[in-house]
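[1] structure for this input, please:
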Amino acid sequence: MRTGAAALALAGLLIAPACAPAATRYVTPDGAGTGACGPAAPCSIAWAVNGEGSEAGDEILLARGTYADQPLVVTRPLTITAAPDQPRPVITATAPGAVAVTLAAEAGDTVLEHVVVRATGEGTAGVDAGSSATLSDLAIGAATGPCLRSGAMGLRLTDVALTQTGQTTGTCLETTGDDTAWEHVTVAAPHARLAAAYSGDGTITDVTVHGGRDGLQLGGTAGAHRVTAIANRYGLVLTGTTLVTDSVAVARRPGGAAAVATTGTHELLNLTAWAAASGATAVRAQDGADLTVKNTIARGAGFDLEAQPGGRLSVDHSNWRTGPGAVDLGANQSAPPNLVSPSRGDFRLRRGSPAIDAGSFEVNGGSADRAGRFRWLGAAPDLGAYERPAPRPPARRLDRRRPRFGVVRLTDYVFRVAPRGVAFAAARRPPAGTRLIYVVSEDSDLVLLVRHSGQRRLLGTIVQPAHRGANRLALSGRLDGRPLAPGRYELTIMARDVAQNLGTPRRLVFRVVR
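    Model (predicted):
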């Protein structure tokens, strides 16, 4: 028998009322400052969000119109939205230093969508997100204040357009929290010192930034895919540890740099970097930064690539001409890349460009180019941000079936480097001379990607023809003529047929010993 405090607690649980269901509260620009916010008697936005009866999980439905100087402060999780088939309601703030929309720390998991936010006062901010939230289908404008700022973890921006019109030293878009994602975001800040800044451990995808002095700054362990960053001095500024793929960076003024790494370690894959003004550099590493460049087109009126004192830059499978301080790892080219119209911002490849099929398969490479086209359309990825469609193979050779693997294994998973073989090998002391044994369903190109186990940086790529059925491939433990250091590695194995169908990758983990 339960007695005392435990019994009273149980009794309280048994008689506690069930949680009320989420409600829809209707709002108009001139709504009442009290009431139940029903469809026949809508209320003001402040009352609907924070007034009596407002509960976490409620939907706040905004009617069309302008909510003039009605700053919104959200202190609980809500969905604030509008009918998507109607003109978006406009929330404004004009007081200097004010904030049009504030998401407090207690408002985690709030959704704000289908709304226009305008912050027209001196230093007035558009959105200040202090909690995780989903911001979707928004147009946010500011004069000299920030368009959107956030230090929260878990923020999501999708289909958001941000514009900053005034002369300012501030940043239009800045997020610093981990697990933050930008997707389909545009930033226009033609008079700002820095248009957009991202740091944390998340990713940004399909983002376009036009800045004044500097465009997009990436920090933390950011991953950026299909990005365009254009500005006067620096288009793309890299700090921390970042990965950039399938992107475009442009510097417009003399002495600038399309992409510059100022600190940290970074990898650029399939970047088109353009700096046509006098003395400008396409890609630069400085101040202790370590920069790896692959599958990239770099053109600068001063230098294509530049490693300043203290900076390190290594490059392979790329198109460039001048590179003081850069380490040439081979498979590079210097012929004109033959782009459509760089002066008009069209960096696609023309027919016959030497950059076509000149790249290497990279495990960190994106599956789509800057335009969303499947990246592996030819014998190898093209250089730069854009993939040019390959001619279709004869119709009789096309099919929709992906190559399929049967057995995939190594004869030895622990080995030392052998003097000969295609890639890496195992042995009996341990032996030197492992083999990759695999069965594939059709004639294919076999693509092998090697990297350290648990790390994303690619060490090397091997492409070999494979015939239908059983195959054996001798592997030596050497990549580009250099032996792998002792340690654990991951081998990703892919097969691609003549119709460019890509089979499901298989992965093996192996260890190299002395």
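
[2] how close does the spatially closest residue to residue 250 that is not a sequence neighbour sit to residue 299?
    Using CB to CB, 6 or more residues apart in numbering and skipping residues adjacent in sequence, the residue nearest residue 250 is residue 230, 4.3 Å away. Just so you know, the C-beta spots here come from the backbone N, C-alpha and C atoms, and that holds for glycine as well. Separation of residue 230 from residue 299 (CB to CB, to the nearest Å): 15 Å.

[3] wait, is the residue nearest to residue 250 part of a helix?
    No - counting by DSSP: H, G, I helix; E, B strand; the rest coil, residue 230 is not part of a helix but strand.

[4] tell me what it is bridged to.
    Beta-bridge pairing for residue 230 (DSSP bridges): residue 210, residue 250.

[5] that one against residue 215, yeah?
    Yes - taking contacts as CB atoms under 8 Å, residue 230 lies within contact range of residue 215: 5.8 Å.

[6] what sits in contact with each of the two?
    Taking CB atoms under 8 Å, 6 or more residues apart in numbering as the contact rule, residue 230 and residue 215 both touch 209, 249.

[7] who's more crowded, the two?
    Neighbour comparison, residue 230 and residue 215: the larger count goes to residue 215, with 32 against 21 (by other CB atoms under 10 Å).

[8] contacts only, for that one.
    Residue 215 is in contact with 194, 195, 196, 209, 229, 230, 231, 234, 235, 236, 237, 249, counting by CB under 8 Å, 6+ apart.

[9] averaged pLDDT, the host helix or strand of the first one. What do you get?
    This points to residue 194. If you go by DSSP states H and E, residue 194 is part of strand 192-198. Average pLDDT, strand 192-198: 97.

[10] please save the CA atoms from it in CSV.
    C-alpha atoms of strand 192-198 as CSV (Å, rounded to 0.1, in the frame of the first residue of the first chain):
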residue,chain,number,x,y,z
ALA,A,192,28.2,45.9,-46.0
ARG,A,193,31.8,45.1,-44.8
LEU,A,194,30.7,41.4,-44.6
ALA,A,195,27.4,40.1,-46.2
ALA,A,196,27.1,36.7,-44.4
ALA,A,197,29.0,34.7,-41.8
TYR,A,198,28.5,31.0,-40.9
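
[11] by contact count, what packs against that strand?
    Strand 192-198 is packed against strand 156-164, strand 168-175, strand 181-189, strand 203-211, strand 214-218, with contacts defined by 3 or more CB pairs under 8 Å, 6 or more residues apart in numbering; DSSP states H and E.

[12] most packed of those strands?
    The highest mean neighbour count among those, using mean count of other CB atoms under 10 Å, belongs to strand 214-218: a mean of 29.

[13] how distant is that one from the center of its chain?
    Put simply, strand 214-218 sits 13 Å off its chain's centre (CA atoms, centre = their mean, to the nearest Å).

[14] what pairs with it, parallel or antiparallel?
    Sheet partners assigned to strand 214-218 using DSSP bridges are listed as strand 192-198 (parallel), strand 234-238 (parallel).

[15] next, count neighbours for residue 348.
    Other residues within reach of residue 348 by the criterion other CB under 10 Å amount to 19.

[16] list the contacts of residue 383.
    When contacts are counted by CB under 8 Å, 6+ apart, residue 383 touches 270, 295, 296, 297, 317, 318, 319, 337, 355, 358, 359.

[17] how much space separates it from residue 318?
    To residue 318, residue 383 is 6 Å away according to CB to CB.

[18] give the residues shared as contacts by these two.
    By CB under 8 Å, 6+ apart, the residues touching both residue 383 and residue 318 are 295, 296, 297.

[19] these two touch, right, residue 28 and residue 65?
    Yes - Residue 28 lies in contact with residue 65 (CB under 8 Å); the separation is 6.7 Å.

[20] so between those two, which is more surrounded?
    Taking neighbours as other CB under 10 Å, residue 28 and residue 65 compare with residue 28 leading, 20 against 13.

[21] residues in contact with that one?
    Counted by CB under 8 Å, 6+ apart, residue 28 has contacts 42, 63, 65.

[22] chain neighbours aside, what residue packs nearest to the last one?
    For residue 65, the nearest residue in space outside its immediate sequence neighbours is residue 29; the separation is 4.2 Å by CB to CB, 6+ apart.

[23] same thing with the second one?
    The shortest distance from residue 63 to any residue other than its chain neighbours is 4.4 Å, reached at residue 28 (CB to CB, 6+ apart).

[24] ok, that neighbour to residue 83 distance?
    Relative to residue 83, and taking CB to CB, residue 28 is found at 13 Å.

[25] can you check residue 254 too?
    50 Å.

[26] quick check: end-to-end length of stretch 93-103?
    15 Å (CA to CA, to the nearest Å).

[27] check which residues of it are buried.
    93, 94, 98, 99, 100, 101, 102, 103 (16 or more other CB atoms under 10 Å).

[28] so which of those are in strands?
    93, 99, 100, 101, 102, 103 (DSSP state E).

[29] mind putting those residues into JSON lines with distance to residue 122 and pLDDT?
    Below are these laid out as JSON lines (distance: CB to CB, whole Å; pLDDT from 0 to 100):
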{"residue": "93", "distance to residue 122": "11", "pLDDT": "97"}
{"residue": "99", "distance to residue 122": "13", "pLDDT": "97"}
{"residue": "100", "distance to residue 122": "14", "pLDDT": "98"}
{"residue": "101", "distance to residue 122": "18", "pLDDT": "98"}
{"residue": "102", "distance to residue 122": "18", "pLDDT": "97"}
{"residue": "103", "distance to residue 122": "23", "pLDDT": "97"}
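
[30] ok, the helix or strand residue 465 falls within: who's next to it in the sheet?
    Residue 465 belongs to strand 458-466 when assigned by DSSP H and E. When pairing is defined by DSSP bridges, strand 458-466 lines up against strand 444-452 (antiparallel).

[31] if we go by neighbour counts, what in the strand it pairs with is buried?
    By neighbour count on 16+ other CB under 10 Å, the buried set for strand 444-452 is 444, 445, 446, 447, 448, 449, 450, 451.

[32] thought the fifth one was touching residue 490?
    No - Residue 448 sits out of contact with residue 490 when judged by CB under 8 Å, with a separation of 10.9 Å.

[33] with secondary structure as added columns, please give the shared contacts of residue 383 and residue 318 in CSV.
    CSV is the format used below for these (three-state DSSP):
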residue, secondary structure
295, coil
296, coil
297, strand
